[in-house]
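1. got a predicted structure plus its sequence, pasted below:
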Amino acid sequence: MKAFGITDRGAVRKENQDYFRYEVDAGGELLTAVLCDGMGGARAGAVASSLAADTFMSHAANSLDETSSGADVREILNEAISYANSRVYDRSFADYACMGMGCTLVSLMAVGKRAVIANVGDSRAYMFTKNVLTQITRDHSLVEDMIARGKLTVEQARRHPKRNIITRAVGVDASVRADLFEERFLPGTKFLLCSDGLSNMVEDLEICRVLAETEEPEAACTALMDLALKNGATDNVTLFLAQR
């Protein structure tokens, strides 16, 4: 298993409120990765995303081993996200400067050929296999709900003035529910986690092309980041790629 991640403030924002962490263990058979996109005024978004990611990793990475079943991984993910939510929620009440903060969260845990993905908010997970890119997660956002009701097309949603309004986030309420997905992590498969700074700036066809043409994770991440920056990068941009 190979993995690489990259983040950039982008061309407009003064601060990077995205945060990611990952660990690969057991000779490349175990992977824990998490990516968060902060929301909140001043430094609060960065506090939320870093606190959520660090809390998630401190539980999830230490709980995973080679014997973990799919049910075990799903339980670990739910617990790790619950702990992260509680830490961010409690901090928002303890520190006036952090009041109302929160973040998105998308994560990937892999044990051998099993991969489990979880998400809260509009940071995404994609799977690339046999030259086909599939969006695994569904955005928890206002425009995604409008698409589901037939009020917007996908293309209209990309330009909608309220496209950044999310309907579910870590740390905003006392509890949060994540969506979980299980996939096969077979040779030739690539999993991409990203903040909306990438998905809003680079269309799926371009992401697919880069992943098809670029073998190494670092080169693919760099190429995707370059595209986001070239297209304006109006938000922080963060992405993580794991592959077999």
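-> Yes, it's here. Treat the numbers as computed from the prediction; the structure is a model and nothing was measured.
2. list the contacts for residue 98?
-> Contacts of residue 98 were listed using C-beta atoms under 8 Å, 6 or more residues apart in numbering, and they are 40, 44, 47, 48, 91, 92. (C-beta placed from N, C-alpha, C; glycine too.)
3. quick one, phi psi at it?
-> Dihedral pair for residue 98: phi -110, psi 10, per degrees, to the nearest 10.
4. now it: how far from residue 53?
-> 16 Å (C-beta to C-beta, to the nearest Å).
5. where does confidence bottom out across the contacts of residue 98?
-> Within the set of these, pLDDT is lowest for residue 40 (74).
6. so where do the helices sit in the protein?
-> Taking DSSP state H as the test, the helices found in the chain are 44-63, 70-94, 142-148, 154-159, 196-199, 204-213, 217-230.
7. give the buried residues for the longest one.
-> Within helix 70-94, the residues that qualify as buried by neighbour count (16 or more other C-beta atoms under 10 Å) are 72-74, 76-77, 80-89, 91-92.
8. again with the shortest one
-> Under the neighbour-count criterion of 16+ other C-beta under 10 Å, helix 196-199 has 196, 197, 198, 199 buried.
9. using PDB, list the CA coordinates for that helix.
-> Taking C-alpha atoms only, helix 196-199 is exported to PDB below (Å, rounded to 0.1, in the frame of the first residue of the first chain):
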ATOM      1  CA  ASP A 196     -14.400  20.800  -1.200                       C
ATOM      2  CA  GLY A 197     -11.500  23.000  -2.100                       C
ATOM      3  CA  LEU A 198     -10.600  20.300  -4.600                       C
ATOM      4  CA  SER A 199     -14.000  19.000  -5.600                       C
END
